[in-house]
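Q: Pasting the sequence and the predicted coordinates here, then a few questions.
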Amino acid sequence: MDKDLLVKMLQTPSPSGYELGFQKMLIKELKDVSEKVYTHHSYTCVHAINDDAPIKIMLLAHIDEIGLVIENIAENGICKLASIGSIRPEMYMGQSVNVVRFDEKGNYKLVDGVIGYTPNYHDGGVTVSDLNLDLGTTSKEESLKYVAIGDPVIHQNKVTFLKNNTLASRALDDKIGAFIGIEVLKKLKGKTDKGVYLATTVGEETTKRGAIFATEMIKPSLTISLDVGSSTDVKYRNNFTHDVKLGKGPIITIASNANMHIVKVLEERAKAKKIPLQYAVEIAKTYTDFDEAYKINGGIPSELISIPLRYMHSSVEVCSLDDITYIVDLLCDFILNLGEISHFDPFNE
């Protein structure tokens with residue numbers, strides 16, 4: 001497991017709509033792994049091995065993260081903010097943040113700031129409009145020397161390796177999925193005749209556009225989306241209905257739009273490899289790239305595998321490195337033992 005690359009991915013900012021710099025970094029890091037890289041003006045990228053193979057398996061994982069964006073600057077220098085994706089405004093109160101100043105090539109520099117609290121903080125009714133980004137400046141003119149309207153804002157954070165082989169960081173959702181896809185490409189290169197593709201998609205937290213563009217570019221035989229799912233071993237929300245724990249294996253999705261033969265084969269391979277599985281039932285939407293990718297090209301056999309995660313959409317998301325290993329091993333075994341894909345159509349059995 002290349003922990004150095006994982007840390008670099010987590011520390012490289014990529015709010016939804018601002019992913020270019022991250023994608024360029026990843027292309028450079030994977031120059032000895034990817035045999036071909038597809039790019040799209042939306043910033044979506046697809047890394048491929050065995051691109052000329054007739055059977056194409058595509059993994060999808062989004063590399064965009066949630067955050068804030070400067071919407072306006074008051075005359076006293078305080079920056080007013082809007083949300084990027086589904087944020088929890090209270091998570092930003094009293095926190096140190098970075099404004100990310102991107103140029104047109106994706107290069108960036110960080111500007112330090114803090115988000116102070118307001119009277120509503122004690123009432124529990126915090127909204128994005130209550131968030132005040134304080135740069136320490138005293139006027140709009142001074143703030144504009146350092147930041148601009150449209151600059152994204154992210155939590156300052158460090159990547160922390162915790163006890164019991166766990167990891168805490170901002171943006172594990174879903175850079176951890178992209179990292180799993182990278183590990184799969186590395187392990188399968190030179191060992192399979194199947195085409196294997198990793199789509200590092202953009203905009204999942206906002207529009208799901210990257211999944212659509214990537215799937216249209218590749219036209220895969222089947223897709224597996226890799227994203228995070230809430231671990232319920234620590235209660236941090238009131239509406240958990242499933243039972244998932246860190247370190248107990250990947251989450252297999254049972255859904256109306258999931259290909260149940262893929263689920264069956266994954267279960268068979270997991271049993272053969274003694275890989276534990278957990279389950280989540282998602283009848284309508286999963287709110288991941290899976291919801292869009294399976295619709296392309298007349299419908300593609302698809303499944304969603306999720307990585308158990310605590311404290312989703314916070315600056316201290318926590319996952320287990322053991323689950324990463326389980327998922328990498330399961331996907332590699334699944335692809336290596338994959339025969340012809342006609343049997344993923346129940347009418348062809």
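A: Alright, I've got the coordinates. Everything quoted here is computed from the prediction, not taken from an experiment. Numbering: from 1, shown residues only.
Q: Tell me which residue is most central in the chain.
A: Most central residue of the chain, judged by C-alpha distance to the mean C-alpha position with Cα atoms, centre = their mean, is Asp174 at 1.8 Å.
Q: any chance you could map the helices in the stretch 1-150 of the chain?
A: Under the criterion DSSP state H, counting those that start in this stretch, the stretch 1-150 of the chain contains helices at 3-11, 20-29, 140-143.
Q: Can you say which of those helices is nearest to Arg88?
A: Among the helices of the stretch 1-150 of the chain, helix 3-11 comes nearest to Arg88, with 19.4 Å by Cβ to Cβ. For glycine as for every other residue, the C-beta is placed from the backbone atoms N, C-alpha and C.
Q: quick one on the thing from earlier: okay, angle between the host helix or strand of the residue nearest to the centre of the chain and helix 3-11 too, please.
A: Assignment of secondary structure by DSSP states H and E places Asp174 within helix 172-188. Put simply, helix 172-188 runs at 150 degrees to helix 3-11, going by axes from the mean of the first three to the mean of the last three Cα atoms, to 10 degrees.
Q: Could I get the buried residue list for helix 172-188?
A: Buried residues in helix 172-188, counting neighbours by 16 or more other Cβ atoms under 10 Å, are found at 172-185, 187-188.
Q: who does it touch, helix- and strand-wise?
A: In this structure, helix 172-188 packs against helix 3-11, strand 45-49, strand 56-62, strand 195-201, strand 222-230, strand 302-309, strand 317-320, helix 321-336, with contacts taken as 3 or more Cβ pairs under 8 Å, 6 or more residues apart in numbering; DSSP states H and E.
Q: Which residue, other than its chain neighbours, is closest to Pro152?
A: Setting aside the residues directly before and after it, Pro152 is nearest to Pro15 in space (Cβ to Cβ, 6 or more residues apart in numbering), at 4.1 Å.
Q: My understanding was that the one you found contacts Asp64; is that so?
A: Yes: contact between Pro15 and Asp64 holds when scored by Cβ atoms under 8 Å: they sit 6.6 Å apart.
Q: Comparing the two, which residue is more hemmed in?
A: Comparing Pro15 with Asp64 by other Cβ atoms under 10 Å, the one with more neighbours is Asp64, at 29 against 24.
Q: Now do the domain split for this protein, please.
A: Structurally, the chain divides into domains by automatic domain parsing as follows: 3-65+170-348, 67-155.
Q: Can you check which of the ones you listed gets nearest to Asn164?
A: The stretch from the domains of the chain with the least distance to Asn164 (Cβ to Cβ) is domain 3-65+170-348; that distance is 7.1 Å.
Q: gap between the two ends of the closest one?
A: The first residue of domain 3-65+170-348 is 43 Å away from its last residue (Cα to Cα, to the nearest Å).
Q: separation between the closest residue to Val328 other than its chain neighbours and Tyr38?
A: The spatially closest residue to Val328, leaving aside those adjacent along the chain, is Glu183, at 4.6 Å (Cβ to Cβ, 6+ apart). Using Cβ to Cβ, to the nearest Å, we find Glu183 at a distance of 20 Å from Tyr38.
Q: for Tyr287, same thing?
A: 25 Å.
Q: For this structure, give me the ranges with low pLDDT.
A: 120-124, 340-343, 349 (pLDDT under 70).
Q: Residues touching the helix holding Asp174, excluding its own?
A: Residues from elsewhere that reach helix 172-188, judged by Cβ atoms under 8 Å, 6 or more residues apart in numbering: 1-2, 5-6, 9-10, 14, 26, 30, 33-34, 47, 49, 59, 61-63, 65-66, 196, 198, 200, 204, 226-228, 307, 309, 312-313, 317-319, 324, 327-328, 331-332, 335-336.
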